[in-house]
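S.K.: What follows is a predicted structure for the sequence shown.
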Number of protein chains: 2
Amino acid sequence: MSLAPAPEANPADVSGVLRLDAPVKLDCGRTLSEVDIAYCTHGHLNADRSNAILICHALTADQYVAAANPATGRPGWWPRMVGPGKPFDTDKYFIIATNILGGCMGSTGPSSLDPATGLPYGLNFPVITLADMARAQAAFVKQLGVERLFCIAGGSMGGMQALEWVKAFPERVFSVVLLATAARHSAQNIAFHEVGRQAIMADPDWRAGAYALADVRPEKGLAVARMAAHITYLSEPALQRKFGRELQADGLSFGFDADFQVESYLRHQGAAFVDRFDANSYLYITRAMDYFDLAQSHGGRLADVFRGASAVRFCVISFSSDWLYPTAESRTIVRALNAAGAEASFVEIDSDKGHDAFLLDEPGMISAVRGFLSASARALGL
Amino acid sequence: MSLAPAPEANPADVSGVLRLDAPVKLDCGRTLSEVDIAYCTHGHLNADRSNAILICHALTADQYVAAANPATGRPGWWPRMVGPGKPFDTDKYFIIATNILGGCMGSTGPSSLDPATGLPYGLNFPVITLADMARAQAAFVKQLGVERLFCIAGGSMGGMQALEWVKAFPERVFSVVLLATAARHSAQNIAFHEVGRQAIMADPDWRAGAYALADVRPEKGLAVARMAAHITYLSEPALQRKFGRELQADGLSFGFDADFQVESYLRHQGAAFVDRFDANSYLYITRAMDYFDLAQSHGGRLADVFRGASAVRFCVISFSSDWLYPTAESRTIVRALNAAGAEASFVEIDSDKGHDAFLLDEPGMISAVRGFLSASARALGL
């Protein structure tokens, strides 16, 4: 499974799967002996290996940040941000994107085969944390030949991974871009995740997580989970602007079909999701997010977490209509960074697009990240 | 089924079921030939029958506004607002509360027997609207001997019923109390309802609505629907204040049990709900709310709806942390009332309790309603 090209080959676009050299010790106390990390890289690692950027994906995304996704046939999920001449400039930087531990796009997760049994893990997969994900990424990056990242960037759960890097490996990070994220998961966000998990586990085709053995999938439950979550990624004004009370047909059906365009849209989001995502991965990743509380190990003192990272440069961006990780969460991070003596620039982008704004065409975000990376590159002498 | 006592008897507390004298014509074009309305009354109708107040309930409530609910054994749902000396003073007013058409607490709904088949309606029940509910209520109130209401009051969907009364029967209403409501259902609210319906319909025990014939109930799907909806009834700050990230036990379980108190709370909300509510009623009532758009018949001009109600007095109350029916929705109503020349007092109550604040101990709401009713009683010479 060690499909990684030697980084010296410097291919412009690579995707593959790398088996980690060593087992990964997990926060739960268990150890995963065989861990594969699926990844894509873009651009070229420079001679002194100082231009690498790790992009961390959100809950349901993957390593296909800038390459066509073979599962969907669609382009990468961050087309405005990654590519030649884009803020994450593949002409200048070596872009690394990995599928997270626990994911379902090639990295080891609950749908992988358990070496102990030869069968899919299902619920025998250990419950993982954001710190576990970062630990596996860090081992991967080192194995790729990169000791220190020029930048680590991520939105939403991607930002949480970046924060775990800052906590565990501050010396391996020069700069950090955090978008639409938080230093811990709120009660409301735990609640929404729990709804999604209950929807999956209520589906009889879930089979206590062992659906792969029965060759079925809890598609209805996973679709409901996605629909509930999807609402939280948008905003009320954006839903009103895009759909309002517009109907699919000329009049009301007086039935339970999708009369309203917003219903049809949601159903489509649910149906499309089950085609590309594994239900158990959804359970494990949402659980990891719920468990995420960066400062819990430091008595809730977030600034103490950042003491070791005072030399790291941060760019923190929030979006005004994001009610999943509202601006207040970003301000909490920035205040703690300031208290720890780290350099942090912060901007709230005025947008009605809700949480998903970080994935969309937001000129303010694009220029802020571009400016931050340019300044950071100058500071490092890149 | 005509269990209504003659209003002359003036009993202090009555509950019963009344068969309407005439069929109810519905917006969908169908007619319900046999309609029962379950109700409670409190206090005494005065000699000139001018002191009646109709209280309209929200999605999952019922006629047990001030009486112990036989299904749950719990007290009525509005204890701070209805009773002797309370704003809806049973020493002074004759309080009427009915279970809505489509409900499951004794009024005709999808779990009722279809007279055409002798079997539960299930999905053969017609899709109803808020206007249909108001039409059935209006027939019930007239049959009870009350031509004109001193007041009609409701929170959330209860307010929507009150608005339909104002539109259809303005001459039968002297004053109106609207709490935490809107003149139409937003795209985001339709979306949340659709998630709930999909959760119910995804449950194999739903059996295309015919679960009663199979002696099963889609309990898991209904519980998920309730959990998703319940989050929207609260607010992020209230969830943070009540639960935060507090755990059930000493540490994380690294599993999928309810580690967090907020998860346990939500699961309890789901479980308790399925014990008292019918899944098909949930489908029909959410559908009626989604269809609700008071001004759609008037080209979207809400003020035109209110032209016939310029003699009606209104009290409109919103809650600052209600994100289901935010203050902006109430302001839209008030502006239209003003434009139509109706007298409207408006107050936004500062509260972190979210949408459900109207059911809770909110002194500002209690005193505002008390003051409005006293002034209205004086104006009517009560």
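M.R.: Cool, got the structure. Residues are numbered from 1 along each chain as shown, chains lettered A, B, ... in the order given.

S.K.: wait, A:Glu343 sits on A:Arg313?
M.R.: Yes - counting by C-beta atoms under 8 Å, A:Glu343 does reach A:Arg313; the two are 4.8 Å apart. C-beta coordinates here come from the backbone N, C-alpha and C atoms, glycine included.

S.K.: Of those two, which one has the most company?
M.R.: Higher neighbour count among A:Glu343 and A:Arg313: A:Arg313, with 21 against 15, using other C-beta atoms under 10 Å in any protein chain shown.

S.K.: Enumerate every residue touching that one.
M.R.: Contacts for A:Arg313 (C-beta atoms under 8 Å, 6 or more residues apart in numbering or on different chains) come out as A:Phe174, A:Ser175, A:Val176, A:Ala342, A:Glu343, A:Ala344, A:Phe372, A:Ser376, A:Ala379.

S.K.: change it to 10 Å
M.R.: A:151, A:173-177, A:337, A:342-345, A:372, A:375-376, A:379-380 (C-beta atoms under 10 Å, 6 or more residues apart in numbering or on different chains).

S.K.: Same question for A:Ser281.
M.R.: Going by C-beta under 10 Å, 6+ apart, A:Ser281 touches A:59-60, A:99-100, A:102-105, A:107, A:109-112, A:125, A:222.

S.K.: quick one: which helix or strand includes it?
M.R.: If you go by DSSP states H and E, A:Ser281 is part of helix A:279-291.

S.K.: Which residue is the nearest non-sequential neighbour of A:Val274?
M.R.: Spatial nearest neighbour of A:Val274, excluding adjacent residues (C-beta to C-beta, 6 or more residues apart in numbering or on different chains): A:Glu219 at 4.5 Å.

S.K.: which ones are touching that neighbour?
M.R.: Listed by C-beta under 10 Å, 6+ apart, the contact set of A:Glu219 reads A:Ile200, A:Asp203, A:Asp205, A:Trp206, A:Tyr211, A:Gly270, A:Ala271, A:Phe273, A:Val274, A:Asp275, A:Ala279, B:Ala202.

S.K.: Which of those are buried, as a PyMOL select command?
M.R.: What follows is the PyMOL syntax for the buried subset of the contacts of A:Glu219, where burial is set by 16 or more other C-beta atoms under 10 Å in any protein chain shown:
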select buried, (chain A and resi 200+203+205+206+211+270+273+274+279) or (chain B and resi 202)
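
S.K.: Out of the contacts of A:Glu219, which comes closest to A:Gly85?
M.R.: A:Phe273 (31.7 Å; C-beta to C-beta).

S.K.: phi, psi of that closest one?
M.R.: The phi/psi pair for A:Phe273 (degrees, to the nearest 10) reads phi -70, psi -40.

S.K.: now the helices: where do they sit in chain A?
M.R.: Taking DSSP state H, the helices of chain A run over residues A:130-143, A:157-168, A:187-202, A:219-233, A:236-242, A:261-276, A:279-291, A:302-306, A:327-339, A:363-380.

S.K.: Near chain B, list only the ones from the contacts of A:Ser281.
M.R.: Among those, the residues lying close to chain B (C-beta under 10 Å from any C-beta of the partner chain) are A:Leu222.

S.K.: Among the contacts of A:Ser281, which one lies nearest to B:Phe243?
M.R.: A:Leu59 (21.8 Å).

S.K.: which residue packs closest to that closest one, ignoring adjacent ones?
M.R.: Nearest to A:Leu59 is A:Met157, by C-beta to C-beta, 6+ apart, at 5.1 Å.

S.K.: hang on, the earlier thing: right, so of the helices of chain A, which gets closest to A:Arg74?
M.R.: Closest to A:Arg74 of those, according to C-beta to C-beta: helix A:261-276, at 9.4 Å.

S.K.: need the contact list for A:Ala225.
M.R.: Neighbouring residues of A:Ala225 by C-beta under 10 Å, 6+ apart: A:192-193, A:195-203, A:218, A:270, A:273-274, A:277, A:279, A:282-283, A:286, B:195, B:199, B:224, B:228.

S.K.: Give me the nearest residue to it, chain neighbours excluded.
M.R.: Leaving out its chain neighbours, the residue that sits closest to A:Ala225 by C-beta to C-beta, 6+ apart is A:Gly196, at 3.3 Å.

S.K.: Would you confirm that that neighbour contacts A:Gly221?
M.R.: Yes - the criterion here is C-beta atoms under 10 Å, and A:Gly196 meets it with A:Gly221 at 8.8 Å.

S.K.: Mutual contacts of those two, please.
M.R.: Common neighbours of A:Gly196 and A:Gly221 (C-beta under 10 Å, 6+ apart) are A:Ala279, A:Tyr282, B:Val224.

S.K.: Where does the stretch 251-382 of chain A get nearest to chain B, residue-wise?
M.R.: Nearest residue of the stretch 251-382 of chain A to chain B: A:Phe254, at 4.0 Å (C-beta to the nearest C-beta).

S.K.: To what extent is that residue buried, counted in neighbours?
M.R.: When neighbours are counted by other C-beta under 10 Å, A:Phe254 registers 18.

S.K.: Tell me the pLDDT of it.
M.R.: Note on A:Phe254: pLDDT of 97.

S.K.: quick one on the thing from earlier: nearest to A:Asp91, out of the shared contacts of A:Gly196 and A:Gly221: which one, please.
M.R.: Using C-beta to C-beta, the shared contacts of A:Gly196 and A:Gly221 come closest to A:Asp91 at A:Tyr282, 35.9 Å.

S.K.: okay, the closest one: pLDDT?
M.R.: 98.

S.K.: now swap in A:Asn69 and tell me
M.R.: With respect to pLDDT, A:Asn69 scores 92.

S.K.: ok, how many other residues are close to it?
M.R.: Using other C-beta under 10 Å, A:Asn69 has 18 neighbouring residues.
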